[in-house]
Structures are given as structure tokens and as C-alpha cells.
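Enquirer: predicted model follows, preceded by the sequence.
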Amino acid sequence: MKPGKAEGKNEVSLWVILLTFFKVGAFTFGGGYAILPVIQQEIVNKKKWISHEVFSDILIITQSMPGQLALNSAIQIGIRLRGNPGGIIAALGVTMPSFIILLSIAAYLYPLIRDNLYVEAIFYGVRPAVVALIATAAVKMGRSILHGLNGIILCAVLLLAAIITGIHPILILLAGGLLGLVFCKGDNR
Amino acid sequence: MESILLSLFLSFFRIGLFTIGGGYAMIPLMEAEVIKGHGWMSSSEFLDIIAVAEMTPGPVSVNAATFIGYTTAGVPGSVFATLGVISPSLILLLALSRILIKVIQSPQAGNFINGLRSGLIALILLASFTLGQSAVIDLSSTLIFIALFAASVLTRISPLYFIAAGAVLGLFLFPY
């Protein structure tokens, strides 16, 4: 994509791109789809950098490629505004708040509270909560993705293969993709 | 030191490259790379970090990369891990934007991604069992898991509330 293809007539400065995506990154709790309303409000409604149609095109690409939703959308919007430098700056902007906050927690807060009895009690309850969220993610993804019988069988076969062989998850994913070429024909995404 | 930084970058690059669809898609890969592969942390530390990553702004995988990078190799570690996890997206979108859009729209790519997602569901399911062994350890923690799992499957409440509920239940039910 060439720079200057944005709807705005004036070229947006890299500095403004950095600050805008910094703000988007700082106000997105929980990651994933939580970013969508924030981007919609900041970039589409307020700044009018891209239209709703372009935003939905970006989302379609984002969901079928690797990486986080927030990051991929930011990079694509950055590229549309200012070419590759815009993409890099948008990626840095949206990542920086997380980086700064997590670095402070890891460096200063975590060592202070780690050996506290009440903190241990809190994490005693939080750990099963996180496991519940992970298990839920599998169930909800399964419900929305595994429509046909082929998908369910493929999932079961891959689960068995992963348990029995214990090979690296990347190999399971690639095997799933290759088997999908043969067995998931005609399924809607 | 240099070799730790390089393996942090490469591990998180692999994690970023195979996180398709966002959310918890990166959990099985992180488990394989960070806990089993390099032994950088235990399963329970990993679950703690996921909880912290979920409670703070930003994508969970970027948060986890920063935290794990820091605990493994200090500030340089956090920089390399974070750059590793965002690089696949940057490279794919900057260099291959046009080709990528055409490839993604082809029916073969749809079938490939469908199959890959079947594998992803299997892996996330498996990860919840293996990680569960360090979290669901006695009667109280089993009850916390069952209650919150049922609630989160049946509702559409933000994960934040489930972590908060886990924290409160933990304070009351912890075997002091």
C-alpha cells in the first residue's frame, strides 16, 4: 500500500500516529476484541483516519493472520496513513503502554509482594480462575469454529496425537492446516 | 547472556507467528516454549503471569512477553521478548501486505486455517489440563475452578471479573 492513500488530505505526522496508538494501547484491557470499540472511537469516529468499510476490511485480514488483533490492526492503519514507517510507529505505539506497565510490575511490584501470605492466597484462587478461562476459550472457540463433523474428528485426532506424541504445538498446528486442505473443504470460515 | 536474549527473541517470534485469531491461542505455544522447552518458569508462575497480563492494558501475549523476558534476563530480556512477539506481524504486514491479502482470500487458505484452528482448539484444551495440574490441587481450588468455568462458559462477562472473583475466593478459601 502506498502512503497518502488515507482519506485525510493532509499527511498525518508519525508523532501523532505514535501518540494515538499509545492511547489506544493504554486503554485496552484484556486484549483481543476489547480493542475494537477503542479503535472505532479514536481512529474511525474521532480522527476519521479510515472509514468503517476500510476498518472492516482490516479486521478480516487481521483475524486470518498471525499476531494479536490490536497489533495487526494498528500496523495496517499505520501503513495506510504513512507507509511502512507508519506501520512500525503504530506497532511501537500500541505496544509501549503494555511494555512500560508490565516492566514496572515485573521489576518493582512483583518482587515486593511475591512472598506475602495474602498474595499467595489471592493467587491460589486466581490460578484456577485462569485455567477456567483457558478451558472456556477452547469451548467457545470450538462452538464457533467446529461446525462440520470433519472439524470435530480432526480436532479429536489432533488432540490424541498431541497427548500421545507430545510433539511441539507448531507441528500439531501445521498438521491441522494440511489435513484441513483435504478434510475441511467447503466449510465456511 | 547473548544466547538467552537470542533464545527469548526466537521463542517469542515462534509464539507470535503461530498465534492465529488472538486471545488465548498463544497459551499452548507459550507453555511449550517457556515452561517445557527452556524451563524459564513453573506452571504456577506462568498462570500468575497470565492473570497479571489479563488485568493490565494491552494484548495478553505482549504483556506476558515483557514479564517473562524481564524475569528471565532483566530489561534487555523484556525488550527482546517483546520485539520477538510483535516481529512476525510487522514483517508479514510490511513486506507481504499485498500478497498476504490475496493468499488469505483464496479458498485453500480458508481450509488450511480451518484445519489449523481445529488443532488450536485441541491444543488449548490440552493446555488447560496440563496447566490445571498446578492450579487445581485440592478441594477448594477444584470448587473455584468448577464454579468459574461454569460461569464463564454460560455468560459473556469480561475475563477481568473472573480473575477478581478468583482472587476473593482465594482469600477466603486458602488453607492458611
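Expert: Ah, there it is.

Enquirer: can you tell me the SS state at the residue of chain B found nearest chain A?
Expert: Across chain B, the shortest distance to chain A (CB to the nearest CB) belongs to residue B:115, at 1.6 Å. Yep, even glycine has a C-beta here, placed from its N, CA and C like the rest. Secondary structure for residue B:115, judged by DSSP: H, G, I helix; E, B strand; the rest coil, is helix.

Enquirer: please apply the same query to residue A:170.
Expert: helix.

Enquirer: that one: what's it in contact with?
Expert: By CB atoms under 8 Å, 6 or more residues apart in numbering or on different chains, residue A:170 lies in contact with B:14, B:18, B:29.

Enquirer: about what we covered before: quick one: pLDDT of the residue of chain B closest to chain A?
Expert: For residue B:115, the pLDDT comes out at 88.

Enquirer: hmm, back to that, ok, and which of the contacts of residue A:170 reach chain A?
Expert: Among the contacts of residue A:170, the residues that sit close to chain A (CB under 8 Å from any CB of the partner chain) are B:14, B:18, B:29.

Enquirer: per-domain residue ranges of chain B.
Expert: Following automatic domain parsing, chain B resolves into domains at B:2-134, B:136-176.

Enquirer: out of the ones you listed, which is the most enclosed?
Expert: Most buried of the domains of chain B by mean neighbour count (mean count of other CB atoms under 10 Å in any protein chain shown) is domain B:2-134; its value is a mean of 22.

Enquirer: distance from that one to the middle of the chain?
Expert: 6 Å (CA atoms, centre = their mean, to the nearest Å).

Enquirer: name the helices or strands packed onto the lowest-mean-pLDDT helix or strand in chain A?
Expert: Least confident helix or strand, chain A: helix A:35-39 with a mean of 79, by mean pLDDT, DSSP states H and E. Helix A:35-39 sits against helix A:14-26, helix A:69-104, with contacts defined as 3 or more CB pairs under 8 Å, 6 or more residues apart in numbering or on different chains; DSSP states H and E.

Enquirer: contacts for the shortest one?
Expert: Where contact means CB under 8 Å, 6+ apart, the residues beyond helix A:14-26 that reach it are A:35, A:38-39, A:42-43, A:47, A:70, A:74, A:78, A:81-82, A:85-86, A:89-98, B:57-58.

Enquirer: for residue B:64, give me its contacts.
Expert: B:26, B:30, B:49, B:50, B:53.

Enquirer: nope, residue A:36 is what I was after
Expert: A:59, A:69.

Enquirer: any idea how far it is from chain B?
Expert: To chain B, residue A:36 is 11 Å away according to CB to the nearest CB, to the nearest Å.

Enquirer: for the residue nearest the centre of chain A, give its distance to chain B.
Expert: The residue lying closest to the centre of chain A (CA atoms, centre = their mean) is residue A:68, at 2.2 Å. Residue A:68 is 4 Å from chain B, where distance means CB to the nearest CB.

Enquirer: thought that residue was touching residue B:59?
Expert: Yes. Using CB atoms under 8 Å, residue A:68 is in contact with residue B:59, at 3.8 Å.

Enquirer: average pLDDT across stretch B:40-58?
Expert: Across stretch B:40-58, pLDDT averages out at 89.

Enquirer: close to chain A, is that stretch?
Expert: Yes. Using CB under 8 Å from any CB, stretch B:40-58 reaches chain A at B:44, B:47, B:48, B:50, B:51, B:52, B:53, B:54, B:55, B:56, B:57, B:58.

Enquirer: show me where chain B has helices.
Expert: Listed in chain order, the helices of chain B (DSSP state H) span B:2-17, B:27-30, B:43-55, B:60-105, B:107-132, B:139-154, B:159-173.

Enquirer: now chain A against chain B: closest residue?
Expert: residue A:180 (1.6 Å).

Enquirer: what about that residue, neighbour count?
Expert: Counted with other CB atoms under 10 Å in any protein chain shown, the neighbours of residue A:180 add up to 26.

Enquirer: apart from its chain neighbours, what residue comes closest to it?
Expert: Once flanking residues are discounted, residue A:180 sits nearest to residue B:115: 1.6 Å by CB to CB, 6 or more residues apart in numbering or on different chains.

Enquirer: surely the one you found touches residue A:157?
Expert: No. Using CB under 8 Å, residue B:115 makes no contact with residue A:157, being 10.8 Å away.
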